[in-house]
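Chemist: Based on what follows, work out the 3D shape:
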Amino acid sequence: MASKNCIRVLSVALSLLLILVVCVYAQSPQKVIKVGAVYPLTGNIASTGLDCKRGVDLAVDIINGKYDLDLPLAKSEGLPNLGGTKIEIVYADTKGDPKNGMSEAERLITSEKVVAMIGAYQSAVTKTASQITERLKIPYVCSDSSSPTLTERGFRYFFRVSPHDDIFARDQFQFLKDLEKKTGQAVHNVAVLYENTEFGSNAGKAYKKYASDFGYKVVADITYPANATDVTSEVGKLIVSKADVLMHASYITDAILFTKTFKEMGFQPKGIMTMAGYIEPGYLEAVKADGNYIIVRSTFALDLAKKNPLVAKVNDLFRKKYGIDMSENAARSFMAPFVLAEAINRAKSTAPEAIVKALHETDIPGNQIIYPWKGIKFDPQSNQNIYARGTLVQILNQQYVTIWPFDSASKQVVWPFPAWKGRK
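Modeler: Sure thing, here's the model as predicted:
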């Protein structure tokens, strides 16, 4: 009898233990939140994709760890409103192909069960990937693609942190006006040069629009294939145009090719003003001192640390992790995980509609970001960050130096563009 009673007691105890385990498991907070990230990790601009990945990975380290930094969620481990849940990035390689970006975005959502998306650097890829996230109702926070059209489609689930090329183009023409006012050096006309994908085509449109608005004549309008291997014809047309200033929208491989051809053919305008490719880490590695004096649109430069100590602290972590300084691309990609994680934490949920609502309520102050902006707050119609703005950097002694706005400059601009001959 005693034996039977012991068996009954043991059976009841085991049943209660099983119920307790099930209840605890059911009530335990989710320990990992999966976020998809689409980037070109192989192909012609793999170096750029890997650079963006570095920025994302450092951001996730900070979110999941505990750091004495004035960044969202840095001082707590994980997401405190979800029991310390950590962020896990699931990467997919777009190979620089919009079709591949689309299929990989769908795979991440349907197979990997990611709750949100970031990436993809190339605007053409972001365009197709975000079509998938919009259809499947998954939030997408982009901080590294700049085509203006991305936030002109009326998408509910797509948000952009960084400036777009309409802003960047306007800034470059405003610089020319400010330069004339400050130094008396006038520019009368420009040549517009751009690669032929989503990014370049829309940047070219913005350049031409603002040339007209600011009163500059466009003396050359030249487009070329993004994968061009010979650009002597294009540079020949630029020389014939006798343009005062060149405005160029490129990726890294064509930026390198054009720089070498500019020098070989002696293309000598008063200024060369550019977007994207000229600021990627591999650019100066390839062209070295031949990149000096070129001006590039930017959102970040290490000299911003003089006015924002957070820049230096983040770069110290970046250098400790990777052995190199933080680039503009890594810096742009860096902020997307913070914006997304901060919204999920406030939402206390990974439900898409809850995240979207929280993103619309985002209001991150300027002292919690590494860019020279007032902060991050999304326009209720377009989902574009209303505070995003550009700066201009010039390559001096093979370093990117802020030269505009003039009140934020760490050095004076070198203008006009020095002759190729006689350079050291």
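Chemist: For this protein, which segments count as strands?
Modeler: 32-39, 86-93, 116-119, 140-142, 158-160, 189-195, 217-224, 245-250, 271-276, 295-298, 364-365, 375-376, 391-396, 399-404 (DSSP state E).
Chemist: what's the average pLDDT for the fourth one?
Modeler: Per-residue pLDDT values over strand 140-142 give a mean of 98.
Chemist: Partner strands of it and their direction?
Modeler: Using DSSP bridges, strand 140-142 pairs in its sheet with strand 116-119 (parallel), strand 158-160 (parallel).
Chemist: And for the last one?
Modeler: Each strand pairing with strand 399-404, determined using DSSP bridges, is listed with its direction: strand 391-396 (antiparallel).
Chemist: So residue 90 is in contact with residue 108, correct?
Modeler: Yes. Using C-beta atoms under 8 Å, residue 90 is in contact with residue 108, at 6.0 Å. (C-beta placed from N, C-alpha, C; glycine too.)
Chemist: ok so, going back, and the strands of the chain: which comes nearest residue 174?
Modeler: Checking the strands of the chain against residue 174 by C-beta to C-beta gives strand 399-404 as the closest, at 8.4 Å.
Chemist: Could you pull out the buried residues of the closest one?
Modeler: Burial within strand 399-404, assessed by neighbour count using 16 or more other C-beta atoms under 10 Å, is assigned to 400-404.
Chemist: Which single one of those is nearest to residue 272?
Modeler: Of all the buried residues of strand 399-404, residue 272 sits closest to residue 403, with 13.4 Å by C-beta to C-beta.
Chemist: Do you know the pLDDT at the closest one?
Modeler: 95.
Chemist: Just confirm it contacts residue 412, I think it does.
Modeler: Yes. At 7.0 Å, residue 403 counts as touching residue 412 under the criterion of C-beta under 8 Å.
Chemist: re earlier: so residue 90 and residue 108 - more neighbours on which side?
Modeler: residue 108 (26 against 16; other C-beta atoms under 10 Å).
Chemist: So for the more buried one, what's the pLDDT?
Modeler: pLDDT, residue 108: 98.
Chemist: Renumber starting at 892 from here on
Modeler: I'll keep to 892 as the first residue from here, and by that count the last item is residue 999.
Chemist: List the contacts of it.
Modeler: 927, 929, 981, 983, 1005, 1008 (C-beta atoms under 8 Å, 6 or more residues apart in numbering).
Chemist: try 7 Å this time
Modeler: Shown in contact with residue 999 (C-beta atoms under 7 Å, 6 or more residues apart in numbering): 927, 981, 983, 1005, 1008.
Chemist: where are the low-confidence patches of this protein?
Modeler: 892-921, 1315 (pLDDT under 70).
Chemist: looking at the strands of the chain, which is closest to residue 1276?
Modeler: Of the strands of the chain, nearest to residue 1276 by C-beta to C-beta is strand 1266-1267, at 5.3 Å.
Chemist: can you list contacts of the closest one?
Modeler: 1052, 1230, 1253-1257, 1260, 1276, 1278.
Chemist: For that strand, which strands pair with it and how are they oriented?
Modeler: Here, using DSSP bridges, strand 1266-1267 pairs with strand 1255-1256 (antiparallel).
Chemist: any idea how far residue 1195 is from residue 1159?
Modeler: Relative to residue 1159, residue 1195 is positioned 31 Å away (C-beta to C-beta, to the nearest Å).
Chemist: Tell me which of these two has more neighbours.
Modeler: residue 1195 (23 against 15).
Chemist: contacting residues for the residue nearest to that one when sequence neighbours are not counted?
Modeler: Distances taken as C-beta to C-beta, 6 or more residues apart in numbering put residue 1202 closest to residue 1195, at 4.8 Å, once the chain neighbours are dropped. By C-beta under 7 Å, 6+ apart, residue 1202 lies in contact with 1193, 1195-1196, 1261.
Chemist: May I see these organised as CSV, with distance to residue 1015 added?
Modeler: Output for the contacts of residue 1202, formatted as CSV (distance: C-beta to C-beta, whole Å):
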residue, distance to residue 1015
1193, 30
1195, 30
1196, 33
1261, 27
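Chemist: Closest to residue 1182 out of those?
Modeler: residue 1193 (16.4 Å).
Chemist: Measure how buried that closest one is and give me the count.
Modeler: 20.
Chemist: Of the strands paired with strand 1031-1033, flag the one that's most buried.
Modeler: strand 1007-1010 (a mean of 30; mean count of other C-beta atoms under 10 Å).
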